[in-house]
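Asker: Predicted model, plus sequence, below.
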Amino acid sequence: MSAAEKIHHIGKANGAKVERIAEPAPEAQAIMDRTNRDMGKVALLVSIMSVILLVVFFFGLNQNLTSLTEQVSVIPGMQQQIQGIDGKIAGIETELGALKDLPAKTKKMVVGTMLQEMAQKAGYLGSQMESDAQNAKLQQAMQLMQEVQADMQK
């Protein structure tokens, strides 16, 4: 067998010509007509469903965009509120900075009050002393305590 004999052509059976059918059988034609009508109905149904889906998606998207627009329109007002809050926080931070020095100020006030009390007691004791030398020493101590108190108030 030669190479030419081993070649089979599509549409030919062992070198014989295949006859083509010109028209389909009447039963096949009836089935095809029904199928064409049924496919037309299916195509119409699919197109109507597509339009319905498009309308649903459109209104859903439109609603989402409307909601988003409302939320975006609120942002400038929120920015003004944030700026107001920032101003309040700056004031609070300033007051907090002033409160950091409060323990030192309180300590100075307590010590100053104690020095004033001691000076008053020294003055009372000076009036109770019999000798002028002791009274002079208490007056000198009282004067020193008042000077220390004045220095602390600076």
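Answerer: Arrived safely, thanks for sending.
Asker: just the helices in the chain please.
Answerer: 26-100, 102-128, 132-153 (DSSP state H).
Asker: Kindly reformat these as CSV containing mean pLDDT.
Answerer: Formatted as CSV, these follow (pLDDT from 0 to 100):
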stretch, mean pLDDT
helix 26-100, 88
helix 102-128, 83
helix 132-153, 84
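Asker: can I get those helices in TSV with distance to Lys6 and mean neighbour count?
Answerer: For every residue, glycine as well, the C-beta is placed using N, CA and C. Putting those into TSV (distance: least, Cβ to Cβ, whole Å; neighbours: other Cβ atoms under 10 Å) gives the following:
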stretch	distance to Lys6	mean neighbour count
helix 26-100	36	10
helix 102-128	110	13
helix 132-153	123	14
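Asker: need the ones you listed in CSV with distance to Ile7, can you?
Answerer: Shown next, in CSV, are the helices of the chain (distance: least, Cβ to Cβ, whole Å):
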stretch, distance to Ile7
helix 26-100, 33
helix 102-128, 109
helix 132-153, 122
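Asker: and Ser2, which of the ones you listed is closest to it?
Answerer: Closest to Ser2 of those is helix 26-100 (Cβ to Cβ; 41.3 Å).
Asker: and the angle from that closest one to helix 102-128?
Answerer: Angle, helix 26-100 to helix 102-128, by axes from the mean of the first three to the mean of the last three Cα atoms, to 10 degrees: 20 degrees.
Asker: Make residue 1 into 52 and carry on from there
Answerer: In the new numbering, first residue 52, that becomes helix 77-151.
Asker: How far off centre is helix 77-151?
Answerer: Mean-position distance between helix 77-151 and its chain equals 21 Å (Cα atoms, centre = their mean, to the nearest Å).
Asker: do stretch 164-171 as well
Answerer: Distance, centroid of stretch 164-171 to centroid of chain: 58 Å (Cα atoms, centre = their mean).
Asker: before we move on, what about stretch 152-167?
Answerer: Worked out by Cα atoms, centre = their mean, stretch 152-167 lies 46 Å from the chain centre.
Asker: Stretch 190-197 now?
Answerer: Counting by Cα atoms, centre = their mean, stretch 190-197 comes out at 64 Å from the chain centroid.
Asker: Give me the residues contacting that stretch.
Answerer: Residues outside stretch 190-197 that contact it (Cβ atoms under 8 Å, 6 or more residues apart in numbering): Leu166, Gln167, Met169, Ala170, Ala173, Gly174, Gly177.
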